[in-house]
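Enquirer: the sequence and its predicted three-dimensional model are supplied below.
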Amino acid sequence: MGQVDFGGVLKEICLAYVPEAKVGDYVITHVGFAISVIDEREANQVFEYLNNMDTVKDNGGDNSS
């Protein structure tokens, strides 16, 4: 088990599927399990995508701004 930071929310996650994960790594999680370790570049792409989704939601689905 390990602790993962989800934007300030800390959760206990099972690391059995990614035994190579270490402190400071970025992981993809699903239903309480870390399923993949990703590099910082890929993590930043995911963060950008999620931020863009929030922008679309905040604009009522209109992504023109």
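Expert: Received, thanks. These figures come from a predicted structure and were not determined experimentally.

Enquirer: show me the contacts for the most centrally placed residue in the chain.
Expert: Central residue of the chain (CA atoms, centre = their mean): residue 28, 5.6 Å from the mean position. Neighbouring residues of residue 28 by CB atoms under 8 Å, 6 or more residues apart in numbering: 34, 35, 36, 38. No exception for glycine: its C-beta is placed from N, CA and C like everyone else's.

Enquirer: what do you get if the cut-off is 6 Å, keeping everything else the same?
Expert: Residue 28 makes contacts with 35, 36, as judged by CB atoms under 6 Å, 6 or more residues apart in numbering.

Enquirer: specify the local secondary structure of it.
Expert: State at residue 28, reduced to three classes by DSSP: H, G, I helix; E, B strand; the rest coil: strand.

Enquirer: cool, and residue 45?
Expert: helix.

Enquirer: kindly report the same for the one 5 residues further on.
Expert: Classification of residue 50 by three-state DSSP places it in helix.

Enquirer: ok, it to residue 40 distance?
Expert: As judged by CB to CB, to the nearest Å, residue 50 and residue 40 stand 15 Å apart.

Enquirer: which strands and helices sit next to the worst-scoring helix or strand of the chain on mean pLDDT?
Expert: Taking mean pLDDT, DSSP states H and E as the measure, helix 40-58 is the helix or strand of the chain with the lowest mean score, a mean of 88. With contacts defined as 3 or more CB pairs under 6 Å, 6 or more residues apart in numbering; DSSP states H and E, helix 40-58 has no helix or strand neighbours.
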